[in-house]
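In: sequence and predicted structure below; questions after.
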Amino acid sequence: MRSGELARLSGISTDTLRHYESLGLLPAPARTAGNYREYPPQSIARVRLIRNALSMGFSLQELRGIIQARDQGESPCREVRRLAGEKITAVTAQIEELTCYRDHLLRVVGEWDNRLRKTSGRQRAHLLEAITAPPHRPPPRLRWQIRKRASGI
């Protein structure tokens, strides 16, 4: 199938297909007499694999190494699992940071509500000036515990 059809069936652009090809994620397709790319039917499965892995947080560079290992007959399963564990650790840390940020915002907005109740409608409440501290990241010890939990150590 030609690149336009593969792109349409995969939900991506032909530029993305060429990019995947340039990175070695897709094997270079055969060319027609008119120099059009002619992809084999299994290319759809490969593009879907790439798109699904990207949606799980794998980078194109990580995928390149994994796919090249697979194409050479190796079994990169442990590497895939290790990388997925890193993704879990990173997402867990982001959730913790966002939760801290949300809690901080809730406290600030609560303080602002108290200020606004004490301020007439025409007075300035100086809400932004009332912010006493920016939100904080979890302490390093907590971040380490999050990573430890996520990696199953």
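Out: Good, I have the coordinates. Residues are numbered from 1 along each chain as shown.

In: can we go C-alpha only for contacts and neighbour counts from here?
Out: OK.

In: show me where this structure has its helices.
Out: 3-10, 14-23, 43-55, 60-71, 77-117, 140-151 (DSSP state H).

In: need those in CSV (columns: mean pLDDT).
Out: Formatted as CSV, the helices of the chain follow (pLDDT from 0 to 100):
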stretch, mean pLDDT
helix 3-10, 95
helix 14-23, 96
helix 43-55, 96
helix 60-71, 96
helix 77-117, 93
helix 140-151, 55
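
In: redo those helices as TSV? Include distance to residue 124 and mean neighbour count.
Out: Listed next are the helices of the chain as TSV, based on distance: least, CA to CA, whole Å; neighbours: other CA atoms under 10 Å:
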stretch	distance to residue 124	mean neighbour count
helix 3-10	55	16
helix 14-23	52	15
helix 43-55	46	15
helix 60-71	51	16
helix 77-117	9	15
helix 140-151	39	14
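
In: turn those helices into CSV, including distance to residue 126.
Out: Below are these laid out as CSV (distance: least, CA to CA, whole Å):
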stretch, distance to residue 126
helix 3-10, 53
helix 14-23, 50
helix 43-55, 43
helix 60-71, 47
helix 77-117, 9
helix 140-151, 33
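
In: so which of the ones you listed is nearest residue 132?
Out: Among the helices of the chain, the nearest to residue 132 by CA to CA is helix 77-117 (8.9 Å).

In: list the helices and strands the closest one packs on?
Out: On a contact count with 3 or more CA pairs under 8 Å, 6 or more residues apart in numbering; DSSP states H and E, helix 77-117 meets helix 140-151.

In: residues in contact with the residue nearest to the spatial centre of the chain?
Out: When the chain is reduced to its mean C-alpha position, the closest residue under CA atoms, centre = their mean turns out to be residue 57, at 3.9 Å. Going by CA atoms under 8 Å, 6 or more residues apart in numbering, residue 57 touches residue 87.

In: distance of it relative to residue 101?
Out: Residue 57 sits 23 Å away from residue 101, going by CA to CA, to the nearest Å.

In: residue 4 contacts residue 14, correct?
Out: Yes - using CA atoms under 8 Å, residue 4 is in contact with residue 14, at 6.1 Å.

In: care to break this protein down by domain?
Out: Per automatic domain parsing, the structural domains of the chain span 3-71, 77-151.

In: thanks again, I'm all set now.
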